Structures are given as C-alpha cells and as structure tokens.
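**Q** below: sequence and its predicted model.
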Protein chains: 2
Amino acid sequence: MNIGEVSKNTGLPAKTIRYYEDIGFVTPARGDNGYRSFSEKDQHKLVFLGRARGLGFSIEDCRTLMALYEDQGRASADVKRVAQKNLSEIDRKIADLQAMRGTLSHLVANCAGDGRPDCPILEDLGRS
Amino acid sequence: MNIGEVSKNTGLPAKTIRYYEDIGFVTPARGDNGYRSFSEKDQHKLVFLGRARGLGFSIEDCRTLMALYEDQGRASADVKRVAQKNLSEIDRKIADLQAMRGTLSHLVANCAGDGRPDCPILEDLGRS
DNA sequence: ATAAGGGTTCCAGTGACAGGAAGGTCAAGC
DNA sequence: GCTTGACCTTCCTGTCACTGGAACCCTTAT
C-alpha cells in the first residue's frame, strides 16, 4: 500500500506517517520507484499508535506500549503503570484548566461587555 | 531594577523576561554596563502578562489585552470577546481531556495489573 | 588577586507535527 | 507520444512559549 491509502485507512495525515517513520515507529519497505510500501502490519502499528495518541499517550509512551504489545510475555502491570501515569497527567491538566476556567468565567460573568471602558477582567490582571 | 530582582518580584524566570523583551512585550532601559534596568511600569506589565498567561491567554491575546489595558477609551466588550474566546478554548480542552479520561480510566480499571500478559488496554489499542 | 554571584548574547532543543518548495512517477485521455 | 493531474519523494522552515547551555563581562566581598 502507498502512503495515501494508509493515510485514508488509518485517518493519519501522510505527513504524520512520514514523521512516524522518521522517529523509527514504522519502517515500511520501499518499491523500485522509491515509494513507501506499507504492509498490513505497518498499518496495524499505525492504527495502534493513532489510538494511543488519541488517548493522550506521548510518543515515548507509545513506543513503550508498542513494545509491550509485541511482547507476548509482558506483565499487564507494566502496561497499567504507563496508563496510570498518563491518567494522572490528564487529571492534572484537567485540574489546571478547571482552575483557569473558574477564575476566568467569574471575570467574564462580571464584565458588562458594552461600550464603556470599565472592565473587571483588566482590573484583575492589572491589580497591584 | 536588574532582571534578577524583577524575576523575584514577578515570579517569572529571568529567561522568560528576556524572551518577553525579544518579542517586544517590554523594552527596559539599559544601564552603562549593558544591564537591563526595569522601571516599575515595566514590572507592572510583566505582572499583568504573568497573570494573563496563568489564565491561559496566548501571547498574542496578551498583547491585545495589554493594548486594551493601556487604552483609556477601550470598550469592555472588546476585552470580553477575547476572554470568551479563551474560555471556549479552555472548555474545548477540558472536554477533550475528559473524553480521554473516560476511556482511559475505564481501561485502567479493567486491567488486572499483575504478572499475566492479558491486558484490556493493549487489546483496545490493537483491535482491528 | 580571586572567587562568587550577578549580568550579557547567541545558538540549539523541546513535542508532535504542518506548510511549502522543487522535483520524480504513474495512469488516463487525446 | 504528449499532456494533465494526482500522487509520491526529500528537505527546510515554522509552530508555541519558552528552557538549557556555552562563552563571556560586571560587581562586590574577601
């Protein structure tokens, strides 16, 4: 399969797939014309990677997960540890964003949003 | 004031303050020795910027907000619009993260996390 | 005189790609 | 056979908001 078809099948942009090759995640064969020739297995790896990225795993975590996926003798505890670390990260980000949201939505709610210059948002940002 | 003191007062790393000068956010005077010499106003701007960044505003949004802050004839509606756009962005990010969190926490909860290789997390990532 | 602790500039790296230029390849239609 | 257009290739740059580090200068205290 050429990169275009794999892109369509996996939902990943061709640019992204080339990048994934650059960083050694897949190593597709090459045809006589120099075109990448993806096997089913290559495509499957890309699907795996796309899903893992969609769950917020970093590329490095994906590399670890892929290695575990291909290791028949893995311990599920190793997988769970990586996933839990990611989950904690996600929780931290959500908490950060919700803290921002709290302050900001309060400020927005109190701003008249009319033609006058008085604005609690700017007052808050500029208070000494 | 030298950069070190401003850094301490504002909580911003010196590196960050230099960066903010690079992108034209502040333009501190220079002493004979070449050291940056920050005025109270410079420092106040940096505090403003630090707070706005802390609320998730982009640098470009901060530039807009700063301009509005210094414009006595501004309309609060202009400020509110910028803030609401940021709020929507934050909401979108929270929603994205919560979707991830939902799937991932479900998978983590169902993973034994022991020495056996069976793992619903990998099964989900690798399903065809 | 020296050492510590400021400060300066400039260059490179981060993460995970996206955009775009310049050019090669392939299949179809005329 | 020629052209057109879609597809592919590599390579370089840019994104965002910094951060780290090297190499060097200035100030103050001992």
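**A** Received the coordinates, thanks. Residues are numbered from 1 along each chain as shown, chains lettered A, B, ... in the order given.

**Q** residue A:64 is in contact with residue A:82, isn't it?
**A** Yes - contact criterion CB atoms under 8 Å: residue A:64 and residue A:82 qualify, at 5.7 Å. No exception for glycine: its C-beta is placed from N, CA and C like everyone else's.

**Q** neighbour-wise, which of these two wins?
**A** Under the criterion of other CB atoms under 10 Å in any protein chain shown, the comparison of residue A:64 against residue A:82 puts residue A:82 first, with 20 against 17.

**Q** which parts of the top helix by length along chain A are buried?
**A** Longest helix in chain A, counting residues (DSSP state H): helix A:76-109. Neighbour counts over helix A:76-109 (16 or more other CB atoms under 10 Å in any protein chain shown) mark A:76, A:78-80, A:82-83, A:86-87, A:90, A:93-94, A:96-97, A:100-101, A:104, A:107-108 as buried.

**Q** so what's residue A:64 up against?
**A** Shown in contact with residue A:64 (CB atoms under 8 Å, 6 or more residues apart in numbering or on different chains): residue A:82.

**Q** which strand or helix spans it?
**A** Residue A:64 belongs to helix A:59-70 when assigned by DSSP states H and E.

**Q** export that helix to PDB, keeping only CA atoms.
**A** The C-alpha trace of helix A:59-70 is given here as PDB (Å, rounded to 0.1, in the frame of the first residue of the first chain):
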ATOM      1  CA  ILE A  59       5.200   9.300  21.500                       C
ATOM      2  CA  GLU A  60       7.700   7.800  24.000                       C
ATOM      3  CA  ASP A  61       4.900   6.100  26.000                       C
ATOM      4  CA  CYS A  62       3.500   4.800  22.700                       C
ATOM      5  CA  ARG A  63       6.900   3.300  22.000                       C
ATOM      6  CA  THR A  64       6.800   1.500  25.300                       C
ATOM      7  CA  LEU A  65       3.200   0.400  24.800                       C
ATOM      8  CA  MET A  66       4.000  -0.900  21.400                       C
ATOM      9  CA  ALA A  67       7.000  -2.900  22.800                       C
ATOM     10  CA  LEU A  68       4.700  -4.400  25.400                       C
ATOM     11  CA  TYR A  69       2.100  -5.100  22.800                       C
ATOM     12  CA  GLU A  70       4.500  -7.100  20.800                       C
END
